[in-house]
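*Asks:* Take a look and give me a structure for this.
(one chain, ligands or ions: 2)
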Amino acid sequence: MTASETAQNLSFVLEGIHKVKFEDRPIPALKTPYDVLVNVKYTGICGSDVHYWEHGSIGQFIVKDPMVLGHESAGVITQVGAAVTTLKVGDRVAMEPGVPCRRCEPCKAGKYNLCENMAFAATPPYDGTLAKYYNLPEDFCYKLPETLSLQEGALMEPLSVAVHIVRQARVAPGQSVVVFGAGPVGLLCCAVATAFGASKVIAVDIQQSRLDFAKEYATTSTFMPSKVAATENAERLRQENGLGAGADVAIDASGAEPSVHTGIHVLRNGGTYVQGGMGRSEIQFPIMAACAKELTLRGSFRYGSGDYKLAVELASTGKVDVKKLITGTVKFEEAENAFKEVKAGKGIKTLIAGIDV
Ligand SMILES: [Zn+2]
Ligand SMILES: [Zn+2]
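*Replies:* Ligands and ions are numbered 1, 2, ... in the order given. Next up is the predicted model:
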């Protein structure tokens with residue numbers, strides 16, 4: 001038997017910048033009778049995980065104590081609490097990795113993603129899902145239908161992020177949607193917007209390889225910005241795509257300042273702009289255009305009521321293909337390689353396999 005098989009709950013722990021280790025931790029005990037224990041089978045790595053690994057912090061979230069990484073996971077239920085009614089041992093589930101307090105004002109208003117006391121995986125001080133076992137309340141586990149694999153299950157996290165963004169944008173049938181950034185979340189935004197009935201979906205990125213993938217994936221066209229003023233790029237975007245006076249919706253999934261500018265300028269009067277990408281915390285902003293066009297501006301943060309449920313529906317009915325985004329899987333013991341690959345911009349979504357019971 002290998003060390004990872006004999007360990008009771010091997011976990012992938014971030015100790016400091018570029019300092020990771022495997023640690024055997026106790027198997028988590030169910031916190032309430034409504035909790036379940038999940039044997040984590042696959043975990044996707046995203047920009048935020050890599051950011052903690054590289055910088056030890058994101059904004060005000062600073063890794064002070066060793067923290068288990070990972071938050072995009074799916075697994076199999078190995079234990080259920082006494083009050084659990086919807087799940088049983090052996091069920092395959094997508095794991096929603098943030099548990100709200102259920103008591104604060106946003107929680108009670110139904111916007112639990114804005115919870116004042118959120119316990120979110122791999123956001124300090126809360127441990128992530130890159131462990132053999134992870135504890136969750138039953139209502140944060142979504143049973144995977146037969147049509148979805150556990151690998152696809154791990155993609156329900158970024159797909160839920162995209163569902164939330166596209167819902168924030170109120171995308172309606174027949175609309176035109178421009179998505180800035182063709183990474184996993186941007187690509188999934190394109191797919192969800194298409195599923196919501198958008199008739200034009202245009203992906204914008206500065207990497208040709210990403211645009212090539214986006215073109216095959218879920219867009220009606222793609223756009224490579226030039227090194228000119230944002231107003232000029234917006235003008236060319238409109239002309240090349242027959243957007244007339246402008247797009248109905250612009251979504252930023254890049255966090256890049258030029259994308260924000262172009263997004264505001266490409267919109268028609270009365271259009272909707274949603275900020276989904278996280279880049280620099282402060283940027284210049286074309287506030288006059290936003291005012292004069294009477295734009296609707298919305299933020300988007302993680303996912304809330306019904307987003308995971310819809311993500312599973314969209315994927316299991318084939319309206320959104322998440323399988324195409326999975327470009328590699330590494331063994332648990334090689335977890336750090338996944339971080340290096342994501343950092344190097346290799347592939348689209350790299351998964352880390354879990355440790356079987
Ligand atoms: Zn993520
Ligand atoms: Zn709350």
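*Asks:* for the stretch 101-250 of the chain, what spans make up the helices?
*Replies:* Ranges of helices in the stretch 101-250 of the chain, per DSSP state H, counting those that start in this stretch, are 105-108, 150-154, 156-168, 184-195, 208-217, 230-240.
*Asks:* For residue 286, which of those helices is the nearest?
*Replies:* Ranking the helices of the stretch 101-250 of the chain by proximity to residue 286 (CB to CB) places helix 230-240 first, at 7.4 Å. Yep, even glycine has a C-beta here, placed from its N, CA and C like the rest.
*Asks:* Any figure for the gap between the residue of the stretch 151-300 of the chain found nearest ligand 2 and residue 154?
*Replies:* Going by CB to the ion, ligand 2 is nearest to residue 164 of the stretch 151-300 of the chain, at 16.8 Å. According to CB to CB, to the nearest Å, residue 164 and residue 154 sit 18 Å apart.
*Asks:* try residue 341
*Replies:* 16 Å.
*Asks:* who has more neighbours, those two?
*Replies:* residue 154 (31 against 17; other CB atoms under 10 Å).
*Asks:* Could you check the pLDDT of the more buried one?
*Replies:* If you check residue 154, the pLDDT there is 98.
*Asks:* before we move on, what about residue 51?
*Replies:* Residue 51 is assigned a predicted lDDT (pLDDT) of 89.
*Asks:* go on, residue 3?
*Replies:* 67.
*Asks:* Now do the SS call for the residue of the stretch 251-357 of the chain found nearest ligand 2.
*Replies:* Residue nearest to ligand 2 within the stretch 251-357 of the chain: residue 304 (11.3 Å; CB to the ion). The three-state assignment at residue 304 reads coil, by DSSP: H, G, I helix; E, B strand; the rest coil.
*Asks:* From what I see, residue 106 and residue 116 are in contact.
*Replies:* Yes - applying CB atoms under 8 Å as the test, residue 106 and residue 116 come out as touching, 6.7 Å apart.
*Asks:* Where in the chain is the helix or strand with the lowest mean pLDDT?
*Replies:* Ranked by mean pLDDT, DSSP states H and E, the weakest helix or strand in the chain is helix 3-6, scoring a mean of 72.
*Asks:* Restricting to C-alpha, output whatever helix or strand comes next after that helix in CSV.
*Replies:* Along the chain past helix 3-6, the next helix or strand (assigned with DSSP states H and E) turns out to be strand 10-16. The C-alpha trace of strand 10-16 is given here as CSV (Å, rounded to 0.1, in the frame of the first residue of the first chain):
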residue,chain,number,x,y,z
LEU,A,10,-4.5,12.8,3.2
SER,A,11,-4.8,16.5,2.4
PHE,A,12,-3.0,18.9,0.1
VAL,A,13,-2.0,21.8,2.3
LEU,A,14,-0.7,25.3,1.5
GLU,A,15,1.8,26.5,4.1
GLY,A,16,3.1,29.6,2.4
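*Asks:* and strand 10-16, what does it pack onto?
*Replies:* Packing partners of strand 10-16 (3 or more CB pairs under 8 Å, 6 or more residues apart in numbering; DSSP states H and E): strand 19-24, strand 67-68.
*Asks:* helices and strands around the last one, which ones?
*Replies:* With contacts defined as 3+ CB pairs under 8 Å, 6+ apart, strand 67-68 has these neighbours: strand 10-16.
*Asks:* what's the pLDDT at the residue most central in space within the chain?
*Replies:* Nearest to the mean C-alpha position of the chain, by CA atoms, centre = their mean, lies residue 158 at 2.7 Å. As predicted, residue 158 sits at a pLDDT of 98.
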